[in-house]
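Engineer: predicted model and sequence follow; I will ask about them next.
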Amino acid sequence: MAKMKACPVCGQNVSLDKLEMHVKKVHPREKVDIQLDEEEKKEVAEAKKAYKPSGAPGGKWIILVAAIVIVVVVIAFVVLPNTTLTGKDAPDFTLPDTAGVPWNLESHKRVGEPILLEFMHPDCGACKSVAPTVLALYDNYGSKLEFVTIAIKLEVEGYRNPPDASMVSTFKTQHGTPWTYLYEGGGSTTVRDRYEVTATPTFYLLDKQGKIVYTQVGTRDYATMRDAILPYL
């Protein structure tokens with residue numbers, strides 16, 4: 001326990017290490033020169049050295065820092081773009097469009113145009129919010145870039161599953177997006193699984209050789225998506 005010393009102003013006994021602070025707070029207008037002998041000065045110095053400020057890493061602060069680290073790791077795992085497919089050939093698939101006509105990726109890769117694949121769900125709020133951005137990209141670069149949207153089954157509360165042609169057609173009409181829309185109802189091995197899609201919207205940009213060169217999970221502004229696409233047109 002720290003040695004006690006009487007305050008030179010009020011006479012109250014205060015521990016040596018808190019005496020200076022006591023005078024400043026309780027007697028702010030008093031000009032007091034606190035006299036300490038060598039032994040007292042040494043005790044104050046040792047007390048200050050041992051004192052750990054509340055903001056130092058420890059106790060609740062350690063818990064808070066650990067929680068922040070965990071959140072960052074979770075966000076990085078769930079939200080950030082999946083890069084395991086980058087630089088690889090896009091997995092082939094065949095799915096029906098809203099008219100029931102089969103659409104095959106490999107046959108379109110041979111055309112020689114880059115392809116922007118969007119994985120979405122008609123009930124996905126983020127997919128609805130990004131639709132005007134994708135439409136603006138289509139208006140400006142639709143002649144050089146093929147746009148394809150794939151509606152997938154996604155196990156999210158409130159989502160109607162699996163998406164069908166009627167749901168997809170309604171979304172397409174509501175947002176005025178004229179490009180090809182496909183849909184899949186799920187199965188043992190789905191296109192969603194092959195493209196490792198865990199959230200919507202997810203975008204993959206395929207270059208003219210059919211390799212995946214850009215991945216985006218979630219929404220981005222027009223400029224960000226445009227700048228990612230332009231080098232491959």
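Structural biologist: Yes, it's here.
Engineer: quick one: low-confidence parts of this protein?
Structural biologist: 1-2, 6-14, 16, 22-23, 26-32, 48, 50-83, 186-189 (pLDDT under 70).
Engineer: domain parsing for it?
Structural biologist: 10-50, 54-81, 94-232 (automatic domain parsing).
Engineer: which parts of this structure are strands?
Structural biologist: 4-6, 13-15, 94-96, 102-104, 115-120, 146-151, 180-183, 202-206, 212-217 (DSSP state E).
Engineer: okay, stretch 110-129 in PDB with CA atoms only?
Structural biologist: What follows is stretch 110-129, C-alpha atoms only, in PDB (Å, rounded to 0.1, in the frame of the first residue of the first chain):
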ATOM      1  CA  ARG A 110     -15.800 -19.300 -78.400                       C
ATOM      2  CA  VAL A 111     -17.400 -16.000 -79.700                       C
ATOM      3  CA  GLY A 112     -14.400 -14.100 -78.400                       C
ATOM      4  CA  GLU A 113     -16.100 -11.500 -76.300                       C
ATOM      5  CA  PRO A 114     -15.500 -11.200 -72.500                       C
ATOM      6  CA  ILE A 115     -18.400 -12.200 -70.400                       C
ATOM      7  CA  LEU A 116     -19.700 -10.700 -67.100                       C
ATOM      8  CA  LEU A 117     -21.400 -13.400 -65.100                       C
ATOM      9  CA  GLU A 118     -23.700 -12.300 -62.300                       C
ATOM     10  CA  PHE A 119     -25.000 -14.700 -59.700                       C
ATOM     11  CA  MET A 120     -28.100 -13.400 -57.900                       C
ATOM     12  CA  HIS A 121     -31.400 -14.200 -56.300                       C
ATOM     13  CA  PRO A 122     -34.700 -12.300 -57.300                       C
ATOM     14  CA  ASP A 123     -35.400 -11.700 -53.600                       C
ATOM     15  CA  CYS A 124     -31.900 -10.300 -52.800                       C
ATOM     16  CA  GLY A 125     -32.000  -6.600 -51.800                       C
ATOM     17  CA  ALA A 126     -28.400  -6.000 -52.800                       C
ATOM     18  CA  CYS A 127     -29.000  -7.500 -56.200                       C
ATOM     19  CA  LYS A 128     -31.900  -5.100 -56.700                       C
ATOM     20  CA  SER A 129     -29.800  -2.100 -55.600                       C
END
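Engineer: buried sites along it?
Structural biologist: 113-124, 127 (16 or more other CB atoms under 10 Å). Placement of C-beta: from N, CA and C, glycine included.
Engineer: out of the residues you listed, the closest to E184 would be?
Structural biologist: F119 (9.9 Å; CB to CB).
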